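Student: Sequence unavailable; structure follows:
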(Lines give C-alpha, C1' and ligand atoms only; values in the text may rest on other atoms or scores of the structure.)
Protein backbone atom coordinates (compact mmCIF):
# COMPACT_ATOMS: atom_id res chain seq x y z
CA UNK A 1 0.00 0.00 0.00
CA UNK A 2 1.35 3.41 -0.95
CA UNK A 3 1.39 6.03 1.77
CA UNK A 4 1.63 9.61 0.53
CA UNK A 5 0.86 11.55 3.70
CA UNK A 6 1.86 10.90 7.29
CA UNK A 7 -0.90 10.46 9.84
CA UNK A 8 1.23 12.06 12.55
CA UNK A 9 0.31 15.64 13.42
CA UNK A 10 3.60 17.25 14.34
CA UNK A 11 3.66 19.85 17.09
CA UNK A 12 4.66 22.68 14.77
CA UNK A 13 5.31 23.41 11.12
CA UNK A 14 8.96 22.59 10.62
CA UNK A 15 11.20 24.68 8.33
CA UNK A 16 13.29 21.61 7.53
CA UNK A 17 12.41 18.13 6.34
CA UNK A 18 11.18 15.53 8.77
CA UNK A 19 13.89 13.40 10.36
CA UNK A 20 13.22 9.95 11.75
CA UNK A 21 15.37 8.50 14.53
CA UNK A 22 15.88 4.75 14.41
CA UNK A 23 18.40 4.29 17.25
CA UNK A 24 20.01 6.13 20.15
CA UNK A 25 22.89 5.29 22.45
CA UNK A 26 24.73 7.41 24.98
CA UNK A 27 24.96 10.92 23.55
CA UNK A 28 24.31 9.88 19.93
CA UNK A 29 21.17 9.66 17.80
CA UNK A 30 21.01 7.67 14.56
CA UNK A 31 18.64 8.76 11.80
CA UNK A 32 17.00 6.50 9.26
CA UNK A 33 19.32 7.89 6.56
CA UNK A 34 22.34 6.70 8.56
CA UNK A 35 23.34 10.15 9.84
CA UNK A 36 24.62 10.24 13.44
CA UNK A 37 23.69 13.32 15.48
CA UNK A 38 25.54 14.42 18.61
CA UNK A 39 22.73 15.12 21.09
CA UNK A 40 24.24 18.22 22.68
CA UNK A 41 20.90 19.30 24.14
CA UNK A 42 19.58 16.04 25.65
CA UNK A 43 16.49 16.68 23.54
CA UNK A 44 15.06 19.55 25.58
CA UNK A 45 17.41 19.10 28.55
CA UNK A 46 15.79 15.73 29.27
CA UNK A 47 18.22 12.85 28.69
CA UNK A 48 20.23 13.26 31.87
CA UNK A 49 21.92 9.84 31.80
CA UNK A 50 21.98 9.49 28.01
CA UNK A 51 20.12 7.13 25.73
CA UNK A 52 19.74 3.36 25.91
CA UNK A 53 20.92 2.64 29.45
CA UNK A 54 20.29 -1.07 29.99
CA UNK A 55 19.83 -0.63 33.75
CA UNK A 56 16.79 1.59 33.27
CA UNK A 57 15.29 -0.74 30.68
CA UNK A 58 15.73 -3.65 33.09
CA UNK A 59 14.06 -1.71 35.91
CA UNK A 60 11.08 -0.87 33.70
CA UNK A 61 10.67 -4.45 32.47
CA UNK A 62 10.89 -5.73 36.03
CA UNK A 63 8.15 -3.31 37.07
CA UNK A 64 5.99 -4.31 34.09
CA UNK A 65 6.30 -7.92 35.22
CA UNK A 66 4.76 -6.87 38.56
CA UNK A 67 2.13 -4.35 37.49
CA UNK A 68 1.96 -1.98 34.52
CA UNK A 69 -0.85 0.26 35.73
CA UNK A 70 -3.23 0.77 38.63
CA UNK A 71 -5.64 3.58 39.42
CA UNK A 72 -3.69 6.09 41.55
CA UNK A 73 -6.82 7.03 43.51
CA UNK A 74 -7.52 3.43 44.52
CA UNK A 75 -4.08 1.90 45.04
CA UNK A 76 -0.47 2.64 45.88
CA UNK A 77 2.62 0.91 44.52
CA UNK A 78 5.97 0.32 46.16
CA UNK A 79 7.86 2.03 43.34
CA UNK A 80 5.76 5.20 43.68
CA UNK A 81 6.26 5.22 47.45
CA UNK A 82 10.00 4.71 47.00
CA UNK A 83 10.32 7.51 44.44
CA UNK A 84 8.34 9.96 46.57
CA UNK A 85 10.46 9.03 49.59
CA UNK A 86 13.64 9.52 47.58
CA UNK A 87 12.54 12.96 46.40
CA UNK A 88 11.59 14.15 49.87
CA UNK A 89 14.76 12.75 51.45
CA UNK A 90 16.88 14.37 48.74
CA UNK A 91 15.83 17.77 50.08
CA UNK A 92 17.25 16.96 53.54
CA UNK A 93 14.00 17.72 55.31
CA UNK A 94 13.16 20.89 53.42
CA UNK A 95 10.22 19.29 51.59
CA UNK A 96 7.55 17.14 53.25
CA UNK A 97 5.58 15.43 50.47
CA UNK A 98 5.85 14.64 46.76
CA UNK A 99 3.09 14.11 44.20
CA UNK A 100 4.13 12.21 41.06
CA UNK A 101 2.67 13.47 37.79
CA UNK A 102 3.25 13.11 34.04
CA UNK A 103 4.54 16.04 31.99
CA UNK A 104 6.11 19.23 33.29
CA UNK A 105 3.05 21.20 32.19
CA UNK A 106 0.83 18.90 34.29
CA UNK A 107 3.10 19.42 37.28
CA UNK A 108 2.97 23.21 36.94
CA UNK A 109 -0.83 23.16 36.83
CA UNK A 110 -0.88 20.81 39.82
CA UNK A 111 1.32 23.26 41.73
CA UNK A 112 -1.03 26.11 40.86
CA UNK A 113 -4.04 24.13 42.09
CA UNK A 114 -2.16 23.20 45.25
CA UNK A 115 -1.41 26.87 45.92
CA UNK A 116 -5.03 27.86 45.35
CA UNK A 117 -6.44 25.15 47.62
CA UNK A 118 -3.87 26.00 50.29
CA UNK A 119 -5.56 29.35 50.77
CA UNK A 120 -8.97 27.71 51.00
CA UNK A 121 -7.62 25.37 53.70
CA UNK A 122 -5.89 27.96 55.89
CA UNK A 123 -7.65 29.23 58.97
CA UNK A 124 -9.37 31.54 58.36
CA UNK A 125 -9.75 30.77 54.62
CA UNK A 126 -8.59 33.34 52.08
CA UNK A 127 -10.81 32.69 49.03
CA UNK A 128 -9.91 35.97 47.31
CA UNK A 129 -6.45 34.62 46.50
CA UNK A 130 -6.87 33.53 42.87
CA UNK A 131 -4.08 35.34 41.01
CA UNK A 132 -0.48 34.49 40.23
CA UNK A 133 2.57 36.60 39.53
CA UNK A 134 5.20 35.40 37.07
CA UNK A 135 8.12 36.90 35.19
CA UNK A 136 8.36 38.35 31.72
CA UNK A 137 9.90 35.96 29.21
CA UNK A 138 9.24 32.89 31.35
CA UNK A 139 8.18 29.45 30.14
CA UNK A 140 6.11 27.15 32.31
CA UNK A 141 4.51 24.71 29.88
CA UNK A 142 2.02 24.41 27.04
CA UNK A 143 -1.32 23.60 28.69
CA UNK A 144 -3.74 26.48 29.12
CA UNK A 145 -2.98 27.40 32.74
CA UNK A 146 0.76 26.83 32.26
CA UNK A 147 0.71 29.06 29.18
CA UNK A 148 -1.19 31.66 31.18
CA UNK A 149 1.57 32.05 33.74
CA UNK A 150 4.29 31.70 31.09
CA UNK A 151 5.35 34.47 28.74
CA UNK A 152 6.89 32.80 25.67
CA UNK A 153 5.14 35.01 23.10
CA UNK A 154 5.73 32.76 20.10
CA UNK A 155 3.87 29.90 21.71
CA UNK A 156 1.09 31.68 23.57
CA UNK A 157 -0.05 34.86 21.79
CA UNK A 158 -2.60 33.12 19.56
CA UNK A 159 -4.25 31.61 22.65
CA UNK A 160 -4.54 34.84 24.66
CA UNK A 161 -8.34 35.10 24.28
CA UNK A 162 -8.96 31.75 25.98
CA UNK A 163 -6.71 32.18 29.02
CA UNK A 164 -8.85 32.11 32.19
CA UNK A 165 -6.27 33.24 34.73
CA UNK A 166 -5.39 36.77 35.79
CA UNK A 167 -1.60 36.87 35.90
CA UNK A 168 0.57 39.79 36.93
CA UNK A 169 4.07 40.06 35.49
CA UNK A 170 7.35 41.49 36.69
CA UNK A 171 10.78 41.68 35.14
CA UNK A 172 12.94 38.59 34.94
CA UNK A 173 16.35 38.46 36.57
CA UNK A 174 18.34 39.06 33.39
CA UNK A 175 21.55 40.93 34.19
CA UNK A 176 22.96 40.82 30.64
CA UNK A 177 19.96 42.76 29.37
CA UNK A 178 18.65 44.60 32.41
CA UNK A 179 21.54 45.49 34.74
CA UNK A 180 21.94 49.25 34.33
CA UNK A 181 25.25 50.98 33.76
CA UNK A 182 26.91 51.62 37.11
CA UNK A 183 24.30 49.59 38.98
CA UNK A 184 25.62 47.06 41.51
CA UNK A 185 24.17 43.58 41.87
CA UNK A 186 22.76 44.55 45.24
CA UNK A 187 21.04 47.60 43.75
CA UNK A 188 19.69 45.49 40.90
CA UNK A 189 18.23 42.95 43.33
CA UNK A 190 16.68 45.74 45.41
CA UNK A 191 15.09 47.19 42.27
CA UNK A 192 13.59 43.85 41.28
CA UNK A 193 12.34 43.25 44.82
CA UNK A 194 10.67 46.66 44.83
CA UNK A 195 9.06 45.88 41.48
CA UNK A 196 7.61 42.65 42.88
CA UNK A 197 6.42 44.49 45.99
CA UNK A 198 4.72 47.09 43.77
CA UNK A 199 3.02 44.34 41.75
CA UNK A 200 1.60 42.75 44.92
CA UNK A 201 0.18 46.11 46.00
CA UNK A 202 -1.16 46.82 42.49
CA UNK A 203 -3.02 43.50 42.30
CA UNK A 204 -3.97 43.50 45.95
CA UNK A 205 -1.89 41.25 48.22
CA UNK A 206 -5.05 39.47 49.35
CA UNK A 207 -5.66 38.27 45.76
CA UNK A 208 -2.28 36.62 45.05
CA UNK A 209 -1.71 32.88 45.55
CA UNK A 210 1.92 32.65 44.53
CA UNK A 211 4.89 34.00 42.64
CA UNK A 212 6.19 31.38 40.18
CA UNK A 213 9.71 31.53 38.76
CA UNK A 214 12.47 29.44 37.24
CA UNK A 215 15.53 29.77 39.55
CA UNK A 216 17.62 29.28 36.40
CA UNK A 217 15.58 30.33 33.38
CA UNK A 218 15.14 27.76 30.63
CA UNK A 219 14.42 27.94 26.93
CA UNK A 220 12.71 31.35 26.71
CA UNK A 221 15.46 33.47 28.31
CA UNK A 222 18.31 31.05 27.81
CA UNK A 223 19.91 29.55 30.94
CA UNK A 224 20.06 32.70 33.04
CA UNK A 225 20.93 31.95 36.70
CA UNK A 226 19.60 34.19 39.42
CA UNK A 227 22.17 36.72 40.60
CA UNK A 228 23.33 36.42 44.24
CA UNK A 229 20.67 37.55 46.67
CA UNK A 230 17.82 37.57 44.14
CA UNK A 231 15.94 34.44 45.21
CA UNK A 232 16.25 35.40 48.88
CA UNK A 233 14.84 38.85 48.13
CA UNK A 234 11.91 37.41 46.14
CA UNK A 235 11.03 35.01 48.96
CA UNK A 236 11.12 37.86 51.46
CA UNK A 237 8.55 39.81 49.42
CA UNK A 238 6.29 36.75 49.12
CA UNK A 239 6.53 36.14 52.87
CA UNK A 240 5.71 39.78 53.55
CA UNK A 241 2.37 39.39 51.80
CA UNK A 242 1.68 35.81 52.85
CA UNK A 243 1.92 34.41 49.33
CA UNK A 244 3.62 31.16 48.33
CA UNK A 245 6.81 30.90 46.28
CA UNK A 246 6.82 28.27 43.51
CA UNK A 247 10.03 27.21 41.80
CA UNK A 248 9.60 25.70 38.35
CA UNK A 249 12.65 23.44 38.08
CA UNK A 250 11.28 21.27 35.28
CA UNK A 251 14.19 22.19 33.02
CA UNK A 252 16.93 23.36 35.40
CA UNK A 253 16.41 20.85 38.21
CA UNK A 254 17.29 17.26 39.11
CA UNK A 255 21.01 17.80 38.60
CA UNK A 256 21.03 19.80 35.37
CA UNK A 257 22.67 22.84 36.99
CA UNK A 258 25.02 20.91 39.27
CA UNK A 259 22.91 20.32 42.37
CA UNK A 260 20.02 17.87 42.49
CA UNK A 261 17.62 20.72 43.23
CA UNK A 262 18.54 24.02 41.59
CA UNK A 263 17.52 25.95 44.72
CA UNK A 264 20.30 24.24 46.69
CA UNK A 265 22.88 26.46 44.97
CA UNK A 266 21.41 29.60 46.58
CA UNK A 267 20.00 27.90 49.65
CA UNK A 268 16.55 29.42 49.18
CA UNK A 269 13.77 26.86 49.64
CA UNK A 270 10.47 27.41 47.81
CA UNK A 271 7.10 26.52 49.30
CA UNK A 272 6.32 24.38 46.25
CA UNK A 273 8.82 22.90 43.79
CA UNK A 274 8.11 21.42 40.37
CA UNK A 275 10.56 18.99 38.71
CA UNK A 276 10.50 16.92 35.53
CA UNK A 277 12.66 16.24 32.45
CA UNK A 278 15.89 14.98 34.08
CA UNK A 279 13.89 13.21 36.77
CA UNK A 280 13.25 10.26 34.45
CA UNK A 281 15.76 11.09 31.71
CA UNK A 282 13.04 10.69 29.11
CA UNK A 283 12.71 6.92 29.46
CA UNK A 284 9.05 7.36 30.42
CA UNK A 285 7.34 10.73 30.96
CA UNK A 286 7.30 11.72 34.62
CA UNK A 287 7.37 14.86 36.74
CA UNK A 288 6.72 15.70 40.37
CA UNK A 289 5.46 18.41 42.70
CA UNK A 290 7.09 18.79 46.11
CA UNK A 291 5.66 20.82 48.99
CA UNK A 292 7.01 22.02 52.33
CA UNK A 293 5.57 21.24 55.74
CA UNK A 294 4.08 24.76 55.75
CA UNK A 295 1.81 23.73 52.88
CA UNK A 296 1.15 20.14 53.92
CA UNK A 297 0.32 20.98 57.54
CA UNK A 298 -2.51 23.24 56.41
CA UNK A 299 -4.06 20.37 54.44
CA UNK A 300 -3.57 17.98 57.36
CA UNK A 301 -5.34 20.40 59.66
CA UNK A 302 -8.14 20.92 57.16
CA UNK A 303 -9.83 18.56 54.72
CA UNK A 304 -6.80 16.25 54.45
CA UNK A 305 -7.69 16.03 50.78
CA UNK A 306 -6.12 17.59 47.68
CA UNK A 307 -8.84 17.97 45.06
CA UNK A 308 -6.74 16.69 42.19
CA UNK A 309 -6.21 13.45 40.34
CA UNK A 310 -5.05 12.26 36.93
CA UNK A 311 -5.28 8.86 35.30
CA UNK A 312 -1.55 8.37 34.87
CA UNK A 313 -0.08 10.07 37.92
CA UNK A 314 2.27 7.84 39.92
CA UNK A 315 2.47 5.52 36.89
CA UNK A 316 4.35 2.42 38.10
CA UNK A 317 6.63 1.98 35.08
CA UNK A 318 7.47 5.69 35.01
CA UNK A 319 8.24 5.66 38.74
CA UNK A 320 10.49 2.62 38.31
CA UNK A 321 12.36 4.33 35.47
CA UNK A 322 12.83 7.57 37.41
CA UNK A 323 13.95 5.78 40.55
CA UNK A 324 16.59 3.87 38.60
CA UNK A 325 17.73 7.04 36.82
CA UNK A 326 18.22 8.77 40.16
CA UNK A 327 20.02 5.74 41.57
CA UNK A 328 22.41 5.84 38.60
CA UNK A 329 23.02 9.56 39.06
CA UNK A 330 23.94 8.94 42.70
CA UNK A 331 25.99 5.76 42.31
CA UNK A 332 27.88 6.98 39.23
CA UNK A 333 28.58 10.33 40.94
CA UNK A 334 27.11 12.19 37.97
CA UNK A 335 26.40 15.42 39.84
CA UNK A 336 30.14 15.89 40.27
CA UNK A 337 30.51 15.13 36.56
CA UNK A 338 27.92 17.84 35.78
CA UNK A 339 29.88 20.39 37.77
CA UNK A 340 33.28 19.42 36.39
CA UNK A 341 32.23 19.06 32.76
CA UNK A 342 30.05 22.15 33.08
CA UNK A 343 33.05 24.23 34.09
CA UNK A 344 35.04 22.77 31.20
CA UNK A 345 32.20 23.51 28.78
CA UNK A 346 32.02 27.11 30.00
CA UNK A 347 35.79 27.51 29.63
CA UNK A 348 35.90 26.17 26.08
CA UNK A 349 32.84 28.09 24.90
CA UNK A 350 34.21 31.39 26.17
CA UNK A 351 37.65 30.65 24.76
CA UNK A 352 36.32 29.71 21.33
CA UNK A 353 33.40 32.11 20.96
CA UNK A 354 33.74 34.80 23.62
CA UNK A 355 35.42 37.23 21.22
CA UNK A 356 33.10 36.57 18.29
CA UNK A 357 31.56 39.91 17.19
CA UNK A 358 28.04 38.46 17.21
CA UNK A 359 28.21 36.48 20.44
CA UNK A 360 26.77 38.78 23.07
CA UNK A 361 26.63 36.52 26.10
CA UNK A 362 27.58 32.99 27.18
CA UNK A 363 25.77 32.09 30.37
CA UNK A 364 24.59 29.13 32.40
CA UNK A 365 25.45 26.73 35.17
CA UNK A 366 26.36 23.05 35.30
CA UNK A 367 25.51 21.40 31.98
CA UNK A 368 22.97 24.09 31.08
CA UNK A 369 24.41 26.82 28.84
CA UNK A 370 23.13 29.38 26.35
CA UNK A 371 24.80 31.50 23.70
CA UNK A 372 22.97 34.74 22.89
CA UNK A 373 23.64 36.35 19.51
CA UNK A 374 23.58 40.08 18.81
CA UNK A 375 23.83 42.26 15.72
CA UNK A 376 25.98 44.76 17.62
CA UNK A 377 28.09 43.65 20.54
CA UNK A 378 28.56 47.15 21.97
CA UNK A 379 24.86 48.08 22.04
CA UNK A 380 23.55 44.49 22.49
CA UNK A 381 21.10 45.19 19.66
CA UNK A 382 19.45 41.95 18.53
CA UNK A 383 19.11 40.73 14.97
CA UNK A 384 15.87 41.28 13.13
CA UNK A 385 13.56 38.38 14.02
CA UNK A 386 12.93 37.75 10.31
CA UNK A 387 16.54 36.59 9.93
CA UNK A 388 15.83 33.65 12.27
CA UNK A 389 19.47 33.47 13.34
CA UNK A 390 18.98 30.85 16.05
CA UNK A 391 16.88 28.70 13.72
CA UNK A 392 19.65 28.85 11.15
CA UNK A 393 22.08 27.61 13.79
CA UNK A 394 19.87 24.61 14.43
CA UNK A 395 19.40 23.87 10.74
CA UNK A 396 23.13 24.10 10.05
CA UNK A 397 23.90 21.83 12.99
CA UNK A 398 21.52 19.17 11.71
CA UNK A 399 23.10 19.00 8.25
CA UNK A 400 25.72 16.43 7.33
CA UNK A 401 29.23 17.48 8.21
CA UNK A 402 28.10 19.27 11.37
CA UNK A 403 25.83 16.61 12.87
CA UNK A 404 24.93 18.29 16.17
CA UNK A 405 21.60 19.08 17.80
CA UNK A 406 21.26 22.67 19.04
CA UNK A 407 18.18 23.93 20.91
CA UNK A 408 17.16 27.24 19.34
CA UNK A 409 14.86 29.94 20.72
CA UNK A 410 14.11 33.63 20.41
CA UNK A 411 12.70 36.53 22.41
CA UNK A 412 15.54 36.97 24.89
CA UNK A 413 16.05 40.65 23.97
CA UNK A 414 12.50 41.99 24.27
CA UNK A 415 10.58 39.24 26.11
CA UNK A 416 8.79 38.67 22.86
CA UNK A 417 10.21 38.11 19.39
CA UNK A 418 13.64 39.73 19.12
CA UNK A 419 16.79 38.09 20.42
CA UNK A 420 18.31 34.79 19.32
CA UNK A 421 20.00 32.14 21.43
CA UNK A 422 20.86 28.47 21.40
CA UNK A 423 21.01 26.10 24.35
CA UNK A 424 23.53 23.37 25.14
CA UNK A 425 22.50 20.76 27.72
CA UNK A 426 24.36 17.51 27.06
CA UNK A 427 23.74 14.34 29.10
CA UNK A 428 25.50 14.10 32.46
CA UNK A 429 27.62 11.21 31.15
CA UNK A 430 29.75 13.42 28.86
CA UNK A 431 33.52 13.05 29.01
CA UNK A 432 36.17 15.70 28.29
CA UNK A 433 36.52 14.59 24.69
CA UNK A 434 32.74 14.86 24.23
CA UNK A 435 32.73 18.42 25.54
CA UNK A 436 35.61 19.29 23.21
CA UNK A 437 33.72 17.79 20.27
CA UNK A 438 30.57 19.72 21.15
CA UNK A 439 32.41 23.04 21.34
CA UNK A 440 34.30 22.37 18.11
CA UNK A 441 31.07 21.64 16.23
CA UNK A 442 29.16 24.54 17.79
CA UNK A 443 31.98 26.96 16.98
CA UNK A 444 32.01 25.82 13.38
CA UNK A 445 28.25 26.19 13.09
CA UNK A 446 28.27 29.70 14.58
CA UNK A 447 31.10 30.97 12.40
CA UNK A 448 29.74 29.55 9.17
CA UNK A 449 26.19 30.76 9.74
CA UNK A 450 27.43 34.30 10.24
CA UNK A 451 29.73 34.03 7.22
CA UNK A 452 26.71 33.02 5.14
CA UNK A 453 24.62 35.88 6.54
CA UNK A 454 27.40 38.36 5.75
CA UNK A 455 27.65 37.00 2.21
CA UNK A 456 23.89 37.35 1.73
CA UNK A 457 23.94 40.94 2.99
CA UNK A 458 26.83 41.73 0.66
CA UNK A 459 24.88 40.35 -2.31
CA UNK A 460 21.87 42.49 -1.39
CA UNK A 461 24.05 45.59 -1.03
CA UNK A 462 25.61 45.04 -4.48
CA UNK A 463 22.21 44.47 -6.05
CA UNK A 464 20.89 47.67 -4.51
CA UNK A 465 23.89 49.64 -5.81
CA UNK A 466 23.29 48.34 -9.34
CA UNK A 467 19.69 49.51 -9.20
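Tutor: Yep, it's here. Remember, it's a predicted structure, so these values are computed and weren't measured experimentally.
Student: so who does residue 439 touch?
Tutor: 345, 348-349, 352 (Cβ atoms under 8 Å, 6 or more residues apart in numbering). To be clear about C-beta, it is placed using only N, CA and C from the backbone, and glycine gets the same treatment.
Student: Name the member of the residues you listed with the most neighbours.
Tutor: With neighbours taken as other Cβ atoms under 10 Å, the top of those is residue 345, carrying 29 neighbours.
Student: I'd say that one and residue 369 touch.
Tutor: Yes - at 6.1 Å, residue 345 and residue 369 qualify as touching, with contact defined as Cβ atoms under 8 Å.
Student: shared neighbours, those two?
Tutor: Residues touching both residue 345 and residue 369 (Cβ under 8 Å, 6+ apart): residue 424.
Student: ok, now how distant is the closest residue to residue 353 other than its chain neighbours from residue 376?
Tutor: Distance criterion Cβ to Cβ, 6 or more residues apart in numbering; nearest residue to residue 353, sequence neighbours excluded, is residue 359 at 4.8 Å. Relative to residue 376, residue 359 is positioned 12 Å away (criterion: Cβ to Cβ, to the nearest Å).
Student: The two: who's more crowded?
Tutor: Remark: of residue 359 and residue 376, residue 359 carries more neighbours, 20 against 12, as counted by other Cβ under 10 Å.
Student: and residue 392, how many neighbours?
Tutor: Look at residue 392: counted by other Cβ under 10 Å, it has 20 neighbours.
Student: Helix or strand: which one has it?
Tutor: Using DSSP states H and E, the element containing residue 392 is helix 389-397.
Student: Tell me which other helices or strands that helix touches.
Tutor: Applying 3 or more Cβ pairs under 8 Å, 6 or more residues apart in numbering; DSSP states H and E, one finds that helix 389-397 makes contact with strand 368-373, strand 407-410, strand 420-424, helix 432-466.
Student: For the stretch 251-400 of the chain, which segments count as strands?
Tutor: Remark: strands assigned in the stretch 251-400 of the chain by DSSP state E, counting those that start in this stretch are 272-275, 287-291, 359-365, 368-373.
Student: and the third one, what does it pack onto?
Tutor: Yep, that's strand 359-365 we're talking about. Counting by 3+ Cβ pairs under 8 Å, 6+ apart, strand 359-365 packs on helix 175-178, helix 334-353, strand 368-373.
Student: any chance of the helices and strands packed on helix 389-397 in CSV, with mean pLDDT and distance to residue 153 too?
Tutor: Converted to CSV, the helices and strands packed on helix 389-397 look like this (pLDDT from 0 to 100; distance: least, Cβ to Cβ, whole Å):
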stretch, mean pLDDT, distance to residue 153
strand 368-373, 98, 17
strand 407-410, 92, 9
strand 420-424, 97, 14
helix 432-466, 83, 24
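Student: Can I get these in a markdown table including distance to residue 96?
Tutor: Supplementary listing: the helices and strands packed on helix 389-397 in a markdown table, determined by distance: least, Cβ to Cβ, whole Å:
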| stretch | distance to residue 96 |
| --- | --- |
| strand 368-373 | 27 |
| strand 407-410 | 34 |
| strand 420-424 | 33 |
| helix 432-466 | 38 |
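Student: And those: which comes nearest residue 137?
Tutor: Nearest to residue 137 among the helices and strands packed on helix 389-397 is strand 407-410; the distance by Cβ to Cβ comes to 10.3 Å.
Student: Brilliant, that's me finished.
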